[in-house]
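Peer 1: Prediction below, plus the sequence it came from.
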Amino acid sequence: MTEYDELLALYHGGALDEAQQRALALIEREPGHVGTLQLLGVLDARRGEFPAALEWLDRAVALDPQLASLHNNRGNVLLALDREDDAVASYDRALALGLEDAHALNNRGAALQARQRFDAALQSFERALALRPDFADALLNRGELLLEIGQRSAGIESLQQARAAGADDAKIAFTLASLGVEEPAEAAPAEFVRELFDQYAHGFDAHLTGRLGYRAPALIDAALQPFALRGQQVVDLGCGTGLCGPALRPLAARLDGVDLSGAMLERARDLALYDELRCAEIVADLAATPGRYDLAVAADVLIYFGALDALFAALHAALRPRGRFVFTVEAGEGQDFELRPTRRYVHAAAYLARLAQAQGFELLRLSGEVLRHEGRAEVPGHLVVLQRD
């Protein structure tokens, strides 16, 4: 067995740190070893270090431009970097070199869909499924695309096929519930939220603030100004990349962030604003921190919860007496909460007020606000400030 074969065995056996250390040592001795360069790129991509991964893969491609797998892996990295057009070009190069691979075709379809090239994306998914009819990821992606282009019945059928082929049942059930096909759960599945934001992490800030006119952090900042808070123990629930961090840091003696997405937390860590960042589900995390905080904030986080009873109870326990909770939700009417086809929950103002009182909070503010835009439409929401008894 060669040293490179040993590296591959370590990688496939899950010993990623050891594989990387030995790969770096090998590339020092043999700078032109294409397989090792490719492996280093794949290892960096596995950790979410996509710019570094692209550098390794570009070096490898320069040495062996005819190796189809390099172009496929390069396409995966470019897709993660939101460079969809470049990703499609890399997948096309891999396919032209003979890599008629279902995974490459599926990923190519995802890149095309991100660029709203829907017909080409659908053709790519269909080619993947021609090679592997039971390919759950391609069935799932095809279903999502069909829903996006308005082919509801075909999209639902593809999602059901994906579930039968082994795709995540909870996530598909959640999507089908958002379409009214199945009964909704009381919250989005944790894995659905984690994967959504892990994939979204790289371009999250630019997309929200640039394309969608995202306002929740600014609304929360303005709502806190009248209290003139200083020296607070603060937790940013669902902190994401840390968009609320700059507003919270000046008033915090300690600032913690909690999020399900490790990729989002890596972006928040780069800001150097938080004393601690925890990768956790927020209700469970709050239950483990009784009486710790003076202030909790949640910017567009409760849109992934339907019933809020457990969350409010955990917050009441985690906050100190007279502690405050400031959050935004999307606005609903009639029902207490409702799961929409967007796969986000909306909440009625009356439900929030009633639940706050029942859970031991004083309602200091509940105002209607525009949270962001989707397409040309405003997304209405509520800004809420509660104070613990």
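Peer 2: That came through fine.

Peer 1: ok, the residue of the chain most remote from its centre - contacts?
Peer 2: Residue farthest from the centre of the chain, counting by C-alpha atoms, centre = their mean, is Met1 at 40.1 Å. Neighbouring residues of Met1 by C-beta atoms under 8 Å, 6 or more residues apart in numbering: Ala9. To be clear about C-beta, it is placed using only N, CA and C from the backbone, and glycine gets the same treatment.

Peer 1: so what's it scoring on pLDDT?
Peer 2: Looking at Met1, its pLDDT reads 76.

Peer 1: and the closest residue to Arg340 other than its chain neighbours, which of the three is it?
Peer 2: Once flanking residues are discounted, Arg340 sits nearest to Val346: 6.0 Å by C-beta to C-beta, 6 or more residues apart in numbering. At Val346, secondary structure determined by DSSP: H, G, I helix; E, B strand; the rest coil is strand.

Peer 1: May I ask you to confirm that Val346 is in contact with Asp336?
Peer 2: No. With contact defined as C-beta atoms under 8 Å, Val346 does not reach Asp336; the gap is 10.0 Å.

Peer 1: what about those two, which has more around it?
Peer 2: Of the pair Val346 and Asp336, Val346 is the one with more neighbours under other C-beta atoms under 10 Å, namely 21 against 15.

Peer 1: Tell me the bridge partners for that one.
Peer 2: Glu330, Glu338 (DSSP bridges).

Peer 1: Can you name the residues that contact it?
Peer 2: Neighbours of Val346 in contact, by C-beta under 8 Å, 6+ apart: Ile303, Val329, Glu330, Ala331, Gly332, Phe337, Glu338, Arg340.

Peer 1: Which positions in stretch 84-96 come out as buried?
Peer 2: For stretch 84-96, a neighbour-count test (16 or more other C-beta atoms under 10 Å) marks Glu84, Asp86, Ala87, Val88, Ala89, Ser90, Tyr91, Arg93, Ala94, Leu95 as buried.

Peer 1: picking up where we left off before, and the pLDDT for the residue nearest to Arg340?
Peer 2: 97.

Peer 1: now swap in the one 5 residues further on and tell me
Peer 2: Model confidence at Tyr351, given as pLDDT, is 97.

Peer 1: Which of the residues in stretch 183-197 are classified as buried?
Peer 2: Neighbour-count burial for stretch 183-197 [16+ other C-beta under 10 Å]: Pro184, Ala187, Ala188, Pro189, Phe192, Val193, Arg194, Glu195, Leu196, Phe197.

Peer 1: quick one: the strands in the protein?
Peer 2: Secondary structure of the chain (DSSP state E): strands at 232-237, 252-259, 276-279, 293-298, 319-332, 337-339, 345-348, 361-374, 377-388.

Peer 1: Kindly reformat those as a markdown table containing distance to Leu57.
Peer 2: Output for the strands of the chain, formatted as a markdown table (distance: least, C-beta to C-beta, whole Å):
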| stretch | distance to Leu57 |
| --- | --- |
| strand 232-237 | 35 |
| strand 252-259 | 29 |
| strand 276-279 | 28 |
| strand 293-298 | 38 |
| strand 319-332 | 40 |
| strand 337-339 | 40 |
| strand 345-348 | 40 |
| strand 361-374 | 35 |
| strand 377-388 | 38 |
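
Peer 1: closest to Ala165 out of those?
Peer 2: Proximity to Ala165, assessed across the strands of the chain by C-beta to C-beta, is greatest for strand 337-339 (24.6 Å).

Peer 1: Which residue, other than its chain neighbours, is closest to the residue most central in space within the chain?
Peer 2: In the chain, the centroid-proximal residue (C-alpha atoms, centre = their mean) is Phe197; its distance is 0.6 Å. Residue nearest to Phe197 in three dimensions, not counting chain neighbours: Ser261, with 3.7 Å by C-beta to C-beta, 6+ apart.

Peer 1: buried residues in stretch 318-326?
Peer 2: For stretch 318-326, by 16+ other C-beta under 10 Å, it's Ala318, Leu319, Gly323, Arg324, Phe325, Val326.

Peer 1: what's the answer for stretch 1-15, then?
Peer 2: Quick answer for stretch 1-15 (16+ other C-beta under 10 Å): Tyr4, Leu7, Leu8, Leu10, Tyr11.

Peer 1: Which of those sits closest to Gly375?
Peer 2: Closest to Gly375, out of all of the buried residues of stretch 1-15 and judged by C-beta to C-beta, is Tyr11, at 42.9 Å.

Peer 1: The closest one touches Gly41, doesn't it?
Peer 2: No. Using C-beta under 8 Å, Tyr11 is not in contact with Gly41; the gap is 11.9 Å.

Peer 1: My understanding was that Met264 contacts Asp236; is that so?
Peer 2: No. Counting by C-beta under 8 Å, Met264 stays clear of Asp236, with 11.5 Å between them.

Peer 1: Report how many residues lie close to Arg376.
Peer 2: Based on other C-beta under 10 Å, the number of other residues close to Arg376 is 5.

Peer 1: Revised request: answer the last question for Leu273.
Peer 2: Around Leu273 there are 21 residues (other C-beta under 10 Å).

Peer 1: where does this structure dip in pLDDT?
Peer 2: Low-confidence segments of the chain (pLDDT under 70): 200-212.

Peer 1: now do 80
Peer 2: 1, 199-213, 375-376 (pLDDT under 80).
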